[in-house]
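**Q** next one to model:
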Amino acid sequence: MWGDNNQRRSKESSIDVRPDWVVLEQIDFPNLNRLAYDAPEPEDVVTCGNVGAFDKLFDRITTKTEKPLQKTDAVFPNVTTTDDPVIRKLAMEGAANVFATDAILAHLMACTRSSASWDIVVQRVGTKLFFDKRDGSAAFDYETVNETAHEAPADDKDPLNTPQALSEEATNIKHFYTQQILSTSEPPLKLQQPNPFASEGERTATFGYRYRRWQLGEDVNLVVRCEVDAYTKNKDNEDAFLTVKALHEFDPKITGVDWRQKLDSQKGAVLATELKNNSFKIAKWIAETLLSGSQQLKIGYVSRVNPKDANNHVILGSQTFQAKEFATQINFNVRNMWGVVKTLVDMCLKLPPGRYIFVKDPNKPLVRLYEVPPDAFEDGDNAGDDANGKAQDD
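**A** Model prediction:
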């Protein structure tokens, strides 16, 4: 459900909390911010798909050499944890006891920066644990825009710039940008297995997936599906993975910073405004980069051709970051992000088999964990199908 994200207005919950849901835990953000954990280096369990080469021409684009953003009809799969055939197989083989996607885990890692409400479904199946998104969940299917801005987008103003319209626009921009920056002259890297989400008769977007495993203590093995957007050659001429994202400018009058005037000469000022307005989103991007093991995060700056036209865009520039350095720059503590994950995983592993949901309070900096009936999301709000039968316990 889309709500007004303005801090001074009452916001709507991402899901209708029903009277029969039982509150098991209530965790406030200040307590989450105090957590810390040193996660070990992960290992790749399996890799899938193809990773395209990054076209370095996109590093050289400026506002004076802007490039039209090209649309694509490629399909962009958005598959939740328990619907992932690779994760189902790994679960049945006993490769781990906790499973998630990078989008879900990054959301938890950065959650204390969130303003709008969100929810994450937790499925306890035997001794295993699955973190899922609900079908149609805006928090994971769409990019937010200016969620953490002082004057966030509102539903009662320009219909072109409502939270929902901007999120759909930003998501399309991200999709188009990740495919446009791929080189047409260099071959993609073929990973161990084919793309598990490719379907016959349709063109699936080019991505690689690393299913990576972390050992978080003696009894916790976590497998995460991590997306890889592109690769490049590092200074040692070795293949290095990249995470690629895009920021988008919809109306300079609203943000007060005109990218066409500032981006080439004052990129720091543009970035500072984006960090203020999109603190949660950018922190999630850093977390996803770290999870995937990508050496760099590349962010494209994409603007509307005209502020009154949400369908046509141009690329005005890009910026490259080392994920750990960028995290330090924005005070996003890597030990804290793993501390949040470790604490929430340990909490959920103590639960009996069943279905649960984390819900961020729409108006307070806290998260509640509810126990919900097994059929809580069967009428369109489900988190995939029931994990039973998809990821059987050993």
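
**Q** in three-state terms, how would the residue nearest to the spatial centre of the chain be classified?
**A** Nearest to the mean C-alpha position of the chain, counting by Cα atoms, centre = their mean, stands Ala103 at 3.6 Å. With DSSP: H, G, I helix; E, B strand; the rest coil as the basis, Ala103 sits in helix.

**Q** show me the contacts for the closest residue to it other than its chain neighbours.
**A** Nearest in space to Ala103, with sequence neighbours left out and distances taken as Cβ to Cβ, 6 or more residues apart in numbering, is Phe140 at 5.3 Å. For glycine as for every other residue, the C-beta is placed from the backbone atoms N, C-alpha and C. For Phe140, the contacting residues are 78, 80, 103-104, 107, 133, by Cβ atoms under 8 Å, 6 or more residues apart in numbering.

**Q** so how far is Ala230 from the closest residue to Glu43 other than its chain neighbours?
**A** Spatial nearest neighbour of Glu43, excluding adjacent residues (Cβ to Cβ, 6+ apart): Arg213 at 5.4 Å. To Ala230, Arg213 is 23 Å away according to Cβ to Cβ, to the nearest Å.

**Q** more neighbours: which of those two?
**A** Between Arg213 and Ala230, counting by other Cβ atoms under 10 Å, Ala230 is the more crowded of the two (28 against 17).

**Q** roughly how far apart are that one and Pro196?
**A** 19 Å.

**Q** tell me the strands beside the top strand by length along the chain, with direction?
**A** If you go by DSSP state E, the chain has its longest strand at strand 239-249. Strand pairing for strand 239-249, using DSSP bridges, gives strand 230-233 (antiparallel), strand 296-304 (parallel).

**Q** would you convert these into CSV that also reports distance to Thr255 and mean pLDDT?
**A** Converted to CSV, these look like this (distance: least, Cβ to Cβ, whole Å; pLDDT from 0 to 100):
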stretch, distance to Thr255, mean pLDDT
strand 230-233, 28, 95
strand 296-304, 11, 98
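
**Q** quick one, which of those is packed in tightest?
**A** Most buried of the strands paired with strand 239-249, by mean neighbour count (mean count of other Cβ atoms under 10 Å): strand 296-304, with a mean of 23.

**Q** run through who's touching that one.
**A** With contacts defined as Cβ under 8 Å, 6+ apart, strand 296-304 is touched by 54, 58, 69, 173, 177, 181, 230, 232, 240, 242-251, 259-260, 263, 270, 285-286, 289, 310, 312-323, 326.

**Q** try stretch 22-37
**A** 111-112, 216, 333, 335-336, 338-343, 347, 351, 356, 364-371.

**Q** mean confidence for that stretch?
**A** Stretch 22-37 shows a mean pLDDT of 97.

**Q** may I see the buried residues of it?
**A** By 16 or more other Cβ atoms under 10 Å, the buried positions in stretch 22-37 come out as 27, 29, 32, 35, 37.

**Q** the strands in the stretch 251-394 of the chain, which residues?
**A** For the stretch 251-394 of the chain, the strands defined by DSSP state E, counting those that start in this stretch occupy 296-304, 313-321, 354-360, 366-372.

**Q** what is the distance between the helix or strand hosting Cys48 and the centre of its chain?
**A** Element membership of Cys48, judged by DSSP states H and E, is strand 43-51. Its chain's C-alpha centre and that of strand 43-51 lie 18 Å apart, by Cα atoms, centre = their mean, to the nearest Å.

**Q** and if you look at stretch 124-133?
**A** The chain centroid and the centroid of stretch 124-133 are separated by 20 Å, computed with Cα atoms, centre = their mean.

**Q** equivalent analysis for stretch 250-260, please.
**A** 25 Å.

**Q** list the buried ones in that stretch?
**A** 250-252, 254-255, 257, 259.

**Q** list the neighbouring strands of the host helix or strand of Val121 plus their orientation.
**A** Val121 belongs to strand 119-125 when elements are defined using DSSP H and E. Strand pairing for strand 119-125, determined by DSSP bridges: strand 128-132 (antiparallel), strand 354-360 (antiparallel).

**Q** any idea which of these is most buried?
**A** strand 128-132 (a mean of 25).

**Q** quick one: buried residues of the longest strand of the chain?
**A** Result for strand 239-249 [16+ other Cβ under 10 Å]: buried residues 240-249.

**Q** so where's this protein shaky on pLDDT?
**A** 1-10, 156, 378-394 (pLDDT under 70).

**Q** mind doing that once more with 50?
**A** 1-8, 380-394 (pLDDT under 50).

**Q** residues contacting Ser294?
**A** 228-229, 240-243, 323 are the contacts of Ser294 under Cβ under 8 Å, 6+ apart.

**Q** can I get these in CSV with distance to Cys48?
**A** Shown next, in CSV, are the contacts of Ser294 (distance: Cβ to Cβ, whole Å):
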residue, distance to Cys48
Val228, 10
Asp229, 14
Ala240, 19
Phe241, 14
Leu242, 17
Thr243, 17
Ala323, 22
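
**Q** of the residues you listed, closest to Lys64?
**A** Leu242 (25.1 Å; Cβ to Cβ).

**Q** just give the nearest non-adjacent residue to that closest one, would you?
**A** Ala230 (4.5 Å).

**Q** wait, Leu349 sits on Phe130?
**A** No: using Cβ atoms under 8 Å as the test, Leu349 is too far from Phe130 to be in contact (11.7 Å).

**Q** what touches both of the two?
**A** Common neighbours of Leu349 and Phe130 (Cβ under 8 Å, 6+ apart) are Val98.

**Q** is Val224 bridged to anything, and to what?
**A** Ala100, Arg212.
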